[in-house]
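# sequence and computational prediction follow.
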Amino acid sequence: MESKVGRPRSERAREAVLHAVDDLLVEVGYAAVTMKGIAERASVSRQTVYRWWSTKAEILLEASATDAEDELAITPTGDPLDDLTTYLQALINFLAHSHAGSAYRALIGEAQHDPDVAKLLADKDVLGDSARVVIARAVPACDTPQALEFATARLIGPTFFAIMSGRDPRQLDPQALARTFLA
């Protein structure tokens, strides 16, 4: 989210807020995270936090999306199976083990009964954005928006469902999932 009005955003303060929200989420859970708590943890004023974000969900989404860009980016090898396997392993790690993935999962849960959070997630496709990059390189035949969207859902879906429904992520085999996707 861009700065609303006033002074330009301090990158140090922004990073402190984004780190604080991840840490608080892991420590106390989504319901107990407050804008006041985020400001205190980040050592910034509440006014600073509210100047840039309206809700804790906006902060969590920005933190999650920023980290997801790094955590889900893979170095292409030129081998579609290897690239998709590497991406799926990164996806498993993101959803099941990273603080950013915890934030994303919390937002998904909150979106089930908060239409404002649902709209935030609909406007920023954290997982789909990363998957589309990998698919476009690995499967050039997905050259229409509809084909790419369908492929994205097929690639992400099994991993997302397994983790969001509480299954043990160690039971997921990224290479088998990649092979099934390519088939």
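Yes, it's here.

# show me the shaky parts of this structure.
Scanning the chain for pLDDT under 70 picks out 1-9.

# quick one, domains of it?
Domain ranges of the chain: 11-61, 63-182, per automatic domain parsing.

# a markdown table for the ones you listed, including mean neighbour count?
Every C-beta, even on glycine, is put in place using the N, C-alpha and C of the backbone. As requested, the domains of the chain are exported to a markdown table (neighbours: other Cβ atoms under 10 Å):
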| stretch | mean neighbour count |
| --- | --- |
| domain 11-61 | 18 |
| domain 63-182 | 17 |
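
# and the longest helix for this protein?
helix 145-164 (DSSP state H).

# residues contacting it, please?
With contact meaning Cβ atoms under 8 Å, 6 or more residues apart in numbering, helix 145-164 is reached by 84, 87-88, 91-92, 95-96, 105, 108, 127-128, 131-132, 134-136, 139, 141-142, 169, 171-172, 177, 180-181.

# same question, stretch 22-34
Applying Cβ under 8 Å, 6+ apart, the set of residues contacting stretch 22-34 from outside is 21, 37-38, 41, 56, 60, 63, 67, 99-100, 102-103, 106-107, 109-110.

# and it, end to end?
12 Å (Cα to Cα, to the nearest Å).

# next SSE after the strand or helix carrying residue 122?
In this assignment (DSSP states H and E), residue 122 forms part of helix 115-123. Once helix 115-123 ends, the next helix or strand along the chain (criterion: DSSP H and E) is helix 126-138.
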